[in-house]
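sequence plus the predicted model coming up.
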Amino acid sequence: MELRQLKYFVKTAETLNFSEAAKASFVTQSTLSQQIKQLEQELDTALFVRDSHSVVLTESGAQLLPYAKQTLQCAGACIDRVRDLKEMLSGSLNIGITYSFAPILTETVLEFMKVHHRVKLNICYKTMEELIEMLKKRELDFVLAFKPSAVHEEIESHILFDNNLSVIVNAHHPLAEKESVTLADILPHGIAMPAKGLQARNAFDMLFPDAEKSLSIRVELNEVNVLLDIVHGSNLLTILSDATVHSFPGLKAIPIEVPRNTMEGCVHTLRKSYRKRAAEEFIMMLSESVSVRKRANYWLK
């Protein structure tokens, strides 16, 4: 039994399509099929039921799948440990980040690249749900996002800083002089709304489940920088975390008056998984950055 055979098996089990699995594994379909056939011969059992229309796991395949994933995770952890034992930071660091978290990241990315030339940063922007699934599959080393409302048993969430859901306006907006706002203050104004799936929108919908029908939503989109540009150049407001306007001049974040209005900025890691030294270094730099250090939670120390 070889690791590559397990990789091909897991990818095929995830896609239930030999052609897609081969493409994702960067091999020909015949190579992938041959390797899986050899694995089935070694185990003396069929792992998939194949016909001209579909591919499904057999009972043996379903039983093997979690053990195959665990074996590949352990193999990956061994490689990371050996690399770290060389006492130099090298290789790659895969970071997942939600759109709302993006403004606080630039400072740390620039500093990290300046200090650690041998580490390649792969940064992926997606929704919280997509990033958590990628983290579970070990496609990411950690995720930077606000704390989710749902509990994920496989994930540890380490609080980096506290934050508030806020109304974001430009300096000339009628609400700009307020120190806090209520839902009643928001209703008369046009809104550039973050799309469903973004964490700020999820938080707003949880706090005000019946408010959407009363809001004057003029535009709705899933790109935070575009939202901020729209607010900066118009009389619309948007609803995001106050961290979103860090380093964005001309905009003001006004906390919304409502109980439980806290969005905790977190580093999410896979529970009981080896953490690369490069990941530890990046997170420490982030916690000490200007954008978060006043409220940083030094959970790594």
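Happy to help now that I have it. Residues are numbered from 1 along each chain as shown.

identify each buried residue in stretch 123-135, please.
By neighbour count on 16 or more other C-beta atoms under 10 Å, the buried set for stretch 123-135 is 125-128, 131-132, 134-135. C-beta here means a position set from N, CA and C on the backbone, and glycine is covered the same way.

then stretch 70-79?
Applying a neighbour-count criterion of 16+ other C-beta under 10 Å, one finds 71-73 buried in stretch 70-79.

repeat for stretch 192-208
192-194, 198-204, 207-208.

quick check: end-to-end length of it?
End-to-end distance of stretch 192-208 (C-alpha to C-alpha, to the nearest Å): 17 Å.

what of stretch 194-203?
Start and end residues of stretch 194-203 are separated by 11 Å (C-alpha to C-alpha).

could you pull up the mean pLDDT of it?
Averaged across stretch 194-203, the pLDDT comes to 87.

for stretch 78-97, same thing?
For stretch 78-97, the mean pLDDT works out to 72.

one more: stretch 31-48?
pLDDT averaged over stretch 31-48 gives 92.

quick one: contacts for the most centrally placed residue in the chain?
A centroid search over the chain (C-alpha atoms, centre = their mean) returns L131, at 3.3 Å, as the residue closest to the centre. Neighbouring residues of L131 by C-beta atoms under 8 Å, 6 or more residues apart in numbering: 96-98, 124, 140, 143, 145, 268.

mind running it again at 7 Å?
Each residue near L131 by C-beta atoms under 7 Å, 6 or more residues apart in numbering is listed here: 96, 98, 140, 143, 145.

and if you look at A145?
Taking C-beta under 7 Å, 6+ apart, one finds 97-98, 101, 128, 131, 199, 266, 268 in contact with A145.

which of those fall within helices?
Within these, residues falling in helices by DSSP state H are 128, 131, 199.

in TSV: the contacts of L131, plus distance to L160.
Output for these, formatted as TSV (distance: C-beta to C-beta, whole Å):
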residue	distance to L160
G96	14
T98	13
L140	16
V143	12
A145	10
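
and which of those is nearest to I239?
The nearest member of the contacts of L131 to I239, counting by C-beta to C-beta, is T98 at 15.0 Å.

element containing the closest residue to that closest one other than its chain neighbours?
The shortest distance from T98 to any non-neighbouring residue, by C-beta to C-beta, 6 or more residues apart in numbering, is to A145 (4.2 Å). When elements are assigned from DSSP states H and E, A145 belongs to strand 142-146.

next structured bit after that strand?
Counting by DSSP H and E, the next helix or strand C-terminal to strand 142-146 is strand 155-161.

sheet partners, orientation included, of that following strand?
Using DSSP bridges, strand 155-161 pairs in its sheet with strand 265-270 (antiparallel).

flag every buried residue along the helix or strand following the partner strand.
Counting by DSSP H and E, the next helix or strand C-terminal to strand 265-270 is helix 277-287. Buried residues in helix 277-287, counted by 16+ other C-beta under 10 Å: 277-279, 281-283, 285-287.

quick one: which of the residues you listed is nearest to E20?
Distance to E20 across the buried residues of helix 277-287 (C-beta to C-beta) is lowest for A279, with 29.8 Å.

contacting residues for the closest one?
Counting by C-beta under 7 Å, 6+ apart, A279 touches 93, 141-142.

any chance of those in a markdown table, plus neighbour count and distance to F9?
Shown next, in a markdown table, are those (neighbours: other C-beta atoms under 10 Å; distance: C-beta to C-beta, whole Å):
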| residue | neighbour count | distance to F9 |
| --- | --- | --- |
| L93 | 21 | 27 |
| D141 | 23 | 24 |
| F142 | 26 | 27 |
